[in-house]
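Asks: what follows is a predicted protein model with its sequence.
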Amino acid sequence: MTMLLLANIKKELLLLSRDRLSLLVLFVMPMVLVLILSLIQDDLFRATGGAPTTALFVNLDTGESGLELRNSLQANGALQLVEELGGEFANEVSARKAVFDGDYQFAIIVPATFTTAITQAAKASVQAALRQQESSPSSSQIAIVFDPAVRGVYRSAVINALRLGVTRLELARKSAVFEQLLPEELQRSMAAQLGSVVPMSMLPQVPQLSFEWVGEPIITLDEELAAPEKYATLPTSVQQNVPAWTLFGMFFIVIPLAGTLIRERQEGTLTRLMTMPVSSSSLLLGKISAHLLICMIQFGLMLMVGKCILPLFGTPVLELGSSPLVLLLVAFSAALAACGYGILIGVVARSYDQAAIFGSVSIVVAAALGGVMVPIYVMPRFMQSLSIISPLGWGLDAFLDIFVRHGNLVTVFPRIAALVGFFLLCMLVAMVIFQRWRRGN
Amino acid sequence: MTDIILATENLVKSYAGSDRPAINGLSLQVDRGQIFGLLGPNGAGKTTTISILCTLLQPSSGSATILGHDVVRQATEVRRNIGLVPQDIALYGSLTARENLRYFARIYKISAKLIEERINECLQLAELQDCADRRVSTYSGGMKRRANLAAGILHQPEILFLDEPTVGIDAQSRNLILERLVELNHQGVTLIYTTHYMEEAQQICDQVAIVDGGQMIACGHPTQLVNDSPGCGNLEGLFLQLTGKQLRDRVE
């Protein structure tokens, strides 16, 4: 039995090692995909993961308000401000060019007269309010330059962060003016109303008011996720992309695996094998074992890319979580599911082309549904509910559970069971079809 | 007393969706040590018969035994004693001839000590020893057919099924294969042989059965059959007389 198994594994590995296209698809494609997509999506994941968005900040203001605005924005944490370009402070022209060239997605330009303008506007506004007069203070404009390719959600995020900073500044300026003008206005009002009956020296002194408390928050926001166990911690681009494209690559084993079955059928080697004193199940076991081995090698190589190669390009190092054995078990289950699907396609398809086209298209669809290309948590709710039908989605969810949410065997067991169940179902259907074919039906 | 190595009794095979059976009540007997030719036009049921005898297909009714073992109920016993040289080149093109033979030898559970010796014998028989380490996909048609034969006799079967083993190859390879088949027969291997080349059958077969429409229409020694049919100069003439001259094109 062992000799038979080894003979089959050796033959399958020999066949695969001489199929350069399959080797490219199985090893090079997923590695290239994970490298490119992790790097491309790194900024996106940082943004959606709550990391600050980078923006150019050009402070032309000669007063202190521009600095205050900058400090306020940085303290807010939503924006990471960059003030220098090529070692020099950015000016309006260079900032606009940097955004136009795509080097930055946003630039915030504070005008030179910012402090003067908001001080005057605050004074006019408060004075008018105290005297119950109409007020139309001239506003100061801060320019926000956007890259046209930036999506609305990021524009809104930047504008909201800036609006918050500006509101704080306005409030501070108005409070300061109010603090200064209120006693004067009260004094003036009392004098006007009581001056004819009470001597000016007898009028009470209005106490000096402080408005520092205006900036102190009295309402706090408590952020709470509706499904805390699901998306409590979002993955980095590496944590998302490495398992995602590993699964994608593993499932592409379907094409060479189905291909060997179809070739054996078409070229007559299956006929020869079936006249030999060996059971179909031991032949299949050899085939599956060899391809499982390939999948696990793929998995190891992809982890190595995430651990050693991607960080060289500035991405976070792949964190594997605390359950390496469970991680291996998930990978093995996913590999089993992929092999089962490959056997099924190999039995059902009538030609290699049919298997290659149907196999690859179905894997791409399952990958899209399973969150390989776009994370499930950013999908519309309807698509999120569809993702549960994808074996790649089960595998990816289990990997993310271990990587991001410190999952263990108990938490990932349902997904492991689903993957193994998928393998068994595929094998069952394949065996039924194969036996029907063998009986000459 | 003759030793019957293969027998079929009222063998019937119907395929789903087909309006008539591929084999319809075929009864055969083959003696040990014979070269038995199974002849017939396209669609006559030759390949289906061989497929049933090789345990690839199950008959719809009737029975078939090889060395006393039922081909359905004792398939594993049957498989230990038979070899097949299929119509297709049933070898892995991206493996060398030696790698192919090594793999099949392991499947036949030939002892590790004997594997290389046996592979070399088969390669020598097929005259492929000089190119045994080249991939089969680079071989000519004749070389592939010879390698196909080598794979079929690797485990020294008692009965060897050959489904058109010389189709579409050069005269030299064809001649070599026929010579080797006779040699194997002299060593005691029973050969069940299908071919469309009537002169081949007349040249090497001890007995031929002509089948058409899934039924046997003639059986006997080729020379005897020709002699018993006035106006037929050779087996081909007899074959055309029995099966007609209309074309038997087959659409798969």
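Replies: Alright, I've got the coordinates. Residues are numbered from 1 along each chain as shown, chains lettered A, B, ... in the order given.

Asks: give me the low-pLDDT residue ranges for the stretch 301-441 of chain A?
Replies: In the predicted model of the stretch 301-441 of chain A, residues A:438-441 satisfy pLDDT under 70.

Asks: secondary structure element holding the residue of the stretch 1-150 of chain A found nearest chain B?
Replies: Closest to chain B within the stretch 1-150 of chain A is A:Ala7: 3.6 Å, counting by Cβ to the nearest Cβ. C-betas here are computed from N, CA, C, even on glycine. Under DSSP states H and E, the secondary-structure element containing A:Ala7 is helix A:2-17.

Asks: and that helix, what does it pack against?
Replies: With contacts taken as 3 or more Cβ pairs under 8 Å, 6 or more residues apart in numbering or on different chains; DSSP states H and E, helix A:2-17 sits against helix A:20-23, helix A:254-267, helix A:280-304, helix B:97-107.

Asks: can you do 6 Å?
Replies: Taking 3 or more Cβ pairs under 6 Å, 6 or more residues apart in numbering or on different chains; DSSP states H and E as the contact definition, the neighbouring helices and strands of helix A:2-17 are helix A:280-304, helix B:97-107.

Asks: for those helices, which has the smallest mean pLDDT value?
Replies: Averaging pLDDT over each of those singles out helix A:280-304 as the lowest, with a mean of 93.

Asks: do that helix and chain B meet?
Replies: No. If you take Cβ under 6 Å from any Cβ of the partner chain as the test, helix A:280-304 misses chain B, and the best it gets is 8.4 Å.

Asks: buried set for that helix?
Replies: Of the residues in helix A:280-304, those buried under the neighbour-count criterion (16 or more other Cβ atoms under 10 Å in any protein chain shown) are A:283-292, A:294-295, A:298-299, A:301-303.

Asks: and what of stretch A:19-33?
Replies: Neighbour counts using 16+ other Cβ under 10 Å place A:Asp19, A:Ser22, A:Val25, A:Leu26, A:Phe27, A:Pro30, A:Met31, A:Leu33 of stretch A:19-33 among the buried residues.

Asks: for those, which one is nearest B:Glu236?
Replies: Top of the list for closeness to B:Glu236, among the buried residues of stretch A:19-33 and by Cβ to Cβ, is A:Asp19 at 44.4 Å.

Asks: name the nearest residue to the residue in the stretch 151-252 of chain B that chain A sits nearest to, ignoring sequence neighbours.
Replies: Closest contact between the stretch 151-252 of chain B and chain A, by Cβ to the nearest Cβ, is at B:Ala151 (6.9 Å). Nearest non-adjacent residue to B:Ala151, counting by Cβ to Cβ, 6 or more residues apart in numbering or on different chains: B:Phe104, 5.4 Å away.

Asks: count of residues packed around the one you found?
Replies: Taking other Cβ atoms under 10 Å in any protein chain shown as the neighbour definition, B:Phe104 ends up with a count of 26.

Asks: alongside chain A, which residues does the stretch 51-200 of chain B contribute?
Replies: Going by Cβ under 6 Å from any Cβ, the residues of the stretch 51-200 of chain B near chain A are B:54, B:56-58, B:76, B:79-80, B:84, B:86, B:88, B:90, B:94, B:103, B:106-107.

Asks: return the subset of those lying in helices.
Replies: B:Thr76, B:Arg79, B:Arg80, B:Tyr103, B:Arg106, B:Ile107 (DSSP state H).

Asks: most widely separated two among those residues?
Replies: Applying Cβ to Cβ across these, the maximum distance is between B:Thr76 and B:Tyr103, 19.6 Å.

Asks: compare those two (neighbour count), which wins?
Replies: Between B:Thr76 and B:Tyr103, counted using other Cβ under 10 Å, the more crowded position is B:Tyr103 (22 against 12).

Asks: how about the strands of the stretch 101-250 of chain B, start to end?
Replies: B:159-163, B:190-194, B:207-212, B:215-220 (DSSP state E, counting those that start in this stretch).

Asks: got the contact list for the third one?
Replies: Surrounding strand B:207-212, the residues in contact under the criterion Cβ atoms under 6 Å, 6 or more residues apart in numbering or on different chains are B:34, B:36-40, B:44-45, B:201, B:216-219, B:221-222, B:242-243.

Asks: could you check the angle strand B:190-194 makes with that strand?
Replies: Here the directions of strand B:207-212 and strand B:190-194 differ by 30 degrees (axes from the mean of the first three to the mean of the last three Cα atoms, to 10 degrees).

Asks: please name the strands paired to strand B:207-212 in the sheet, noting orientation.
Replies: Taking DSSP bridges as the criterion, strand B:207-212 sits next to strand B:35-39 (parallel), strand B:215-220 (antiparallel) in its sheet.

Asks: may I see those organised as CSV, with mean neighbour count and distance to A:Val372 added?
Replies: As requested, the strands paired with strand B:207-212 are exported to CSV (neighbours: other Cβ atoms under 10 Å in any protein chain shown; distance: least, Cβ to Cβ, whole Å):
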stretch, mean neighbour count, distance to A:Val372
strand B:35-39, 26, 55
strand B:215-220, 16, 59
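
Asks: strands of chain A, residue ranges please.
Replies: With DSSP state E, the ranges of strands along chain A come out as A:53-59, A:79-82, A:84-85, A:88-89, A:106-110, A:143-146.

Asks: bridged to the residue nearest to B:Gly40 when sequence neighbours are not counted, which residues?
Replies: With sequence-adjacent residues excluded and distances taken as Cβ to Cβ, 6+ apart, B:Gly40 is closest to B:Val211, at 4.1 Å. Judged by DSSP bridges, the bridge partners of B:Val211 are B:Met216.

Asks: how close does B:Val211 get to B:Ile217?
Replies: 7 Å (Cβ to Cβ, to the nearest Å).

Asks: burial count for the residue of chain B found nearest chain A?
Replies: With Cβ to the nearest Cβ as the measure, the residue in chain B that lies nearest chain A is B:Asp88; the distance is 3.0 Å. Around B:Asp88 there are 16 other residues, counting by other Cβ under 10 Å.

Asks: help me confirm that it comes into contact with A:Gly268.
Replies: Yes. Here B:Asp88 lies in contact with A:Gly268, judged by Cβ atoms under 6 Å, at a distance of 3.0 Å.

Asks: so, low pLDDT: which residues of the stretch 101-250 of chain A?
Replies: Counting by pLDDT under 70, the stretch 101-250 of chain A contains low-confidence ranges at A:137, A:151-153, A:195-196, A:200, A:203-209, A:211-212, A:215, A:223-234.

Asks: alright, calling it a day.
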